[in-house]
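Trainee: after the sequence you'll find the predicted model.
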Amino acid sequence: MTSDERLALLGGAPVIEQPLPHEVWPPPADQTELSELAGQRNTDISIKGNSGPIGRLEADFLAFLDNRARFAVTFNSGTSALLAAYFALGVREGVDVVGPALTYHAALSPVFALRGDVVLADIDPATRGLDPAALQAAITEHTKIVTVVHQWGHPCDMDAILRIAERHGLRVLEDCSHAHGSHYKGRPVGTFGDAAVFSLQANKAIYAGEGGILVTSDPGVHDRATLLGHYRDRSRDSVLDEGLRAHWVTGYGLKLRMSPFNAIVARHALAAFPARKEARHRCLRYFGEQLRDVPYLEPVHVADHVDMGAWYGYKPLYRTEALGGVPRSVLIDALRAEGMEVGAPSGPRLSTLPLYARPENPLFPGTPKKRAAPRAGSHAEHVERHALSLPTFTNWPEDMKLIDQYAEAFRKVDRHCDALVRYAVESRR
Ligand SMILES: Cc1ncc(COP(=O)(O)O)c(C=O)c1O
């Protein structure tokens, strides 16, 4: 062994020389997009209805979902769209929403603003989304809604979840914020439930900068969601129910609409998406193949009947026992020293966050909460503690060399397992 072959953490040369960041997202705008943004600046910088880029984005988005949903309504963020969806689906005091114990908090947090309650159910280790059996076990007389999040791009087990929802009369909300372009048995996610939300925030595969879009085929959900976030023109022009339309001047009090600039950015991202998706798939399939012989990694599993759409990072699981029990934080230090862009995924289990953990809804003091969540040893806890977050490589074939180097860095750590174990023990002292 030459000195260069030592782990970089222990003084050797790093495998990866390309400076960070390795995930460069979102991509820069081309001239056409910039000209359209400039043109909008001098025509209309606040769209009160759904004309211009707002209406065009909504129509394009429905086409992107194979026109399997009737309505699309833009919002200024995914969180705003989720608030409107929960309101439209009937969340209020006494209503419980069952959702996954491990996901980004905004998938469920707006429930508390509507005085509802959240019951957290375990995830399915295969999909990393809501486990149908855990959903079934969590249902009580208060459960009216189930939220599925197609976590990190992998669709949930929709057949099983829809069967349970139907049996118990639950409404289904799909959070597709990680899953633009994902399909379950050939059908786009976002078209299975009573409503779906896609965040269009900058990290997402289809990005507006800040923005979100709600889709539904239910006119009642459409009307109530529109009234919550779009008073005046939009409600006057598009709320279908005459009785509800009477509220068009005020809506239900909030203004959550998207700016036209964000809509323009999102339309361009949507148009560029098919080619980018193809490139991501090539990169990440290749990455998965290269990682197969790393004994301490469990590469991302993709079921045969799903299309991963955009992906949302590459998140294998760390098998601690296959690397001598080295803690994940030490492994991450070793990989970073080799030049890798790697970390632990950002969101902790929701039950560990004060909004979920405290016995009272902090927005409405005196309103008790159930704080129901899976016990220790859950799949949610396992994934939270063992997942590694790696870049969503998007440039094919340019990223191939970098992917090879990542795989080599992982293998190098394996070859130096004993040295890393010693390092971990010594640094604990
Ligand atoms: C699963 C999920 N839901 C909702 C959101 C919130 O979307 P936004 O940031 O657009 O408000 C995010 C954002 O990352 C998310 O990952």
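Mentor: Great, that's in hand.
Trainee: hmm, P327 is touching A424, no?
Mentor: Yes - with contact defined as C-beta atoms under 8 Å, P327 reaches A424; the gap is 6.2 Å. C-beta here means a position set from N, CA and C on the backbone, and glycine is covered the same way.
Trainee: between those two, who's got more neighbours?
Mentor: Shown here are P327 and A424; by other C-beta atoms under 10 Å, A424 has more neighbours (19 against 15).
Trainee: quick check: the residue of the stretch 1-150 of the chain nearest the ligand.
Mentor: Residue nearest to the ligand within the stretch 1-150 of the chain: G78 (2.7 Å; C-beta to the nearest ligand atom).
Trainee: residue boundaries of the helices in the stretch 201-350 of the chain?
Mentor: All helices of the stretch 201-350 of the chain, identified by DSSP state H, counting those that start in this stretch, fall at 219-229, 233-238, 242-245, 260-291, 328-337.
Trainee: and these, which is most packed in?
Mentor: Mean neighbour count (mean count of other C-beta atoms under 10 Å) peaks for helix 219-229 among these, with a mean of 23.
Trainee: rewinding a little: quick check: the residue of the stretch 1-150 of the chain closest to the ligand touching A106?
Mentor: Yes - under the criterion of C-beta under 8 Å, G78 makes contact with A106 at 6.6 Å.
Trainee: among the helices of the stretch 201-350 of the chain, which is nearest L170?
Mentor: helix 219-229 (14.2 Å; C-beta to C-beta).
Trainee: anything in that closest one near the ligand?
Mentor: No - under the criterion of C-beta under 6 Å from any ligand atom, helix 219-229 makes no contact with the ligand; the nearest approach is 12.9 Å.
Trainee: now the strands for the stretch 1-150 of the chain?
Mentor: 71-75, 96-100, 117-121, 143-149 (DSSP state E, counting those that start in this stretch).
Trainee: tell me what the helix or strand that the longest one is followed by is packed against?
Mentor: Read in the C-terminal direction, the helix or strand following strand 143-149 is helix 158-168, with elements assigned using DSSP states H and E. Taking 3 or more C-beta pairs under 8 Å, 6 or more residues apart in numbering; DSSP states H and E as contact, the helices and strands that helix 158-168 lies on are helix 132-138, strand 143-149, strand 171-175.
Trainee: of all these, which one comes closest to Q201?
Mentor: That would be strand 171-175 among these, by C-beta to C-beta, at 12.7 Å.
Trainee: can you pull the residues of the stretch 151-300 of the chain lying near the ligand?
Mentor: D175, S177, H178, S199, Q201, G212.
Trainee: so where does the closest residue in space to G324 that isn't next to it in sequence fall, helix or strand?
Mentor: Using C-beta to C-beta, 6 or more residues apart in numbering and skipping residues adjacent in sequence, the residue nearest G324 is V421, 3.9 Å away. Remark: V421 resides in helix 417-428, with elements defined by DSSP H and E.
Trainee: so where is this structure shaky, pLDDT-wise?
Mentor: For the chain, residues meeting the criterion pLDDT under 70 lie at 1-4.
Trainee: quick one: contacts for the residue nearest the centre of it?
Mentor: Centroid check for the chain by C-alpha atoms, centre = their mean gives H178 as the closest residue, at 3.1 Å. Residues in contact with H178 (C-beta atoms under 8 Å, 6 or more residues apart in numbering) are V149, H150, Q151, W152, G153, K204, A310, Y312.
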